[in-house]
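Novice: the amino acid sequence is not available; the structure is as follows:
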């Protein structure tokens, strides 16, 4: 039986692996369907401390992995389907594989909710389509961009992008914003933001170099399809936490995020089960905050194991 198993190899999971490895716990890290997490799809990370020139997302995750390996972390490819708790033992079922551990850190992250339209996947990550203004907004300085969505996240993205971009076009399928009153008012009042109402995105169009040049939308009132010229398309229609496998085991909120124990960011209601990163955090969703939660979960797990 393992001392500790960590699910996920994003910033939270790998940071937890570094800390538990240094604590001589010999962690086993299970990689899911996206080794390295969401950062591997980011062309450049500029806001993680310690990299004044920025760093490629994939390279950064490789460095974290090497650091964890140096301290004794082991890796296996497995996507966990369910967790069974028997006394102090946690049994992880992953297809035909089965793992047993005293403690488990869940750091399975979240995936952006996407539209499923032509050009979206092809131009994602460095070619014009993104889901994070905080991560990528500065790359679109003095350019026209579009934001898709109508909730608080979309308004926050649009307002953030006005710091860099010449013009921000907010595309929403309804005739009013779903965002909170204050966010909606700020968005509608900003001189750089223009809203295209009752419009459904149909395709992201590329130029000859393979970069985004426009968003094609269909207007509900006229049925007409028009092109909105832009260099960047920011999709802000929410995230989907990768937590289906804990249904019935851990409490989740209405959107599927794991709810931590009261008074903690990373402890769950089940002793020896911890959660960190974007599968818990629906507010910040940054690499640095995920890494911080990975650190917290590792320290909490180390202390819990020492008491057993």
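Specialist: Done, it's in. Computed from a predicted model, the values in this text were never measured in an experiment.

Novice: what residues of the lengthiest helix in the chain count as buried?
Specialist: If you go by DSSP state H, the chain has its longest helix at helix 287-307. Within helix 287-307, the residues scored as buried using 16 or more other C-beta atoms under 10 Å are 287, 289-302, 304-305. In this view, the C-beta of every residue, glycine as well, is placed from N, C-alpha and C.

Novice: in this structure, what residue sits furthest out from the centroid?
Specialist: residue 222 (36.0 Å; C-alpha atoms, centre = their mean).

Novice: tell me if that residue really is in a helix.
Specialist: No: going by DSSP: H, G, I helix; E, B strand; the rest coil, the assignment for residue 222 is coil, not a helix.

Novice: look up how far residue 199 lies from it.
Specialist: According to C-beta to C-beta, to the nearest Å, residue 222 stands 10 Å off from residue 199.

Novice: do the same with residue 91
Specialist: 49 Å.

Novice: next one: residue 205
Specialist: 15 Å.

Novice: and those two? Which one has more around it.
Specialist: residue 199 (24 against 19; other C-beta atoms under 10 Å).

Novice: how close does the nearest residue to residue 128 once chain neighbours are set aside sit to residue 129?
Specialist: Sequence neighbours aside, residue 212 is the residue nearest to residue 128 in space, at 2.5 Å (criterion: C-beta to C-beta, 6 or more residues apart in numbering). Look at residue 212 and residue 129: by C-beta to C-beta, they are 6 Å apart.

Novice: find residues that contact each of these two.
Specialist: Common neighbours of residue 212 and residue 129 (criterion: C-beta atoms under 8 Å, 6 or more residues apart in numbering): 119, 123, 204, 232-233.

Novice: could you dump those into a markdown table with neighbour count and pLDDT added?
Specialist: Output for the shared contacts of residue 212 and residue 129, formatted as a markdown table (neighbours: other C-beta atoms under 10 Å; pLDDT from 0 to 100):
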| residue | neighbour count | pLDDT |
| --- | --- | --- |
| 119 | 23 | 97 |
| 123 | 21 | 96 |
| 204 | 27 | 98 |
| 232 | 26 | 97 |
| 233 | 29 | 98 |
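
Novice: which ones among these map onto strands?
Specialist: Among the shared contacts of residue 212 and residue 129, the members found in strands (DSSP state E) are 204, 232-233.

Novice: hmm, back to that, ok, the shared contacts of residue 212 and residue 129 vs residue 80, which is closest?
Specialist: Taking C-beta to C-beta as the measure, residue 80 sits nearest to residue 123 out of the shared contacts of residue 212 and residue 129, at 31.6 Å.

Novice: run through the residues that contact the closest residue to that closest one other than its chain neighbours.
Specialist: Among residues not flanking residue 123 along the chain, residue 129 sits closest, at 4.4 Å (C-beta to C-beta, 6+ apart). Residues counted as contacts of residue 129 (C-beta under 8 Å, 6+ apart) are 119-120, 123, 204, 212, 232-233, 235.

Novice: quick check: the gap between residue 129 and residue 198.
Specialist: Separation of residue 129 from residue 198 (C-beta to C-beta): 22 Å.

Novice: do residue 30 as well
Specialist: Distance, residue 30 to residue 198, using C-beta to C-beta: 44 Å.

Novice: more neighbours: which of these two?
Specialist: Comparing residue 30 with residue 198 by other C-beta under 10 Å, the one with more neighbours is residue 30, at 23 against 16.

Novice: show me what the host helix or strand of the more buried one packs onto, helices and strands only.
Specialist: In this structure, residue 30 sits in strand 28-31 according to DSSP states H and E. Other elements packing on strand 28-31 under the criterion 3 or more C-beta pairs under 8 Å, 6 or more residues apart in numbering; DSSP states H and E are strand 2-7, helix 11-22, strand 74-77, strand 97-106.

Novice: for those, give me TSV that also has distance to residue 142 and mean pLDDT.
Specialist: Shown next, in TSV, are the helices and strands packed on strand 28-31 (distance: least, C-beta to C-beta, whole Å; pLDDT from 0 to 100):
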stretch	distance to residue 142	mean pLDDT
strand 2-7	42	98
helix 11-22	30	98
strand 74-77	43	96
strand 97-106	42	97
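
Novice: need the winner for burial among those.
Specialist: Of these, the one with the most neighbours on average (mean count of other C-beta atoms under 10 Å) is helix 11-22, at a mean of 28.

Novice: list the helices and strands it packs on?
Specialist: strand 2-7, strand 28-31, helix 57-70, strand 97-106, helix 287-307.

Novice: so what's residue 47 up against?
Specialist: Applying C-beta under 8 Å, 6+ apart, we find residue 47 in contact with 134-135, 286-288.
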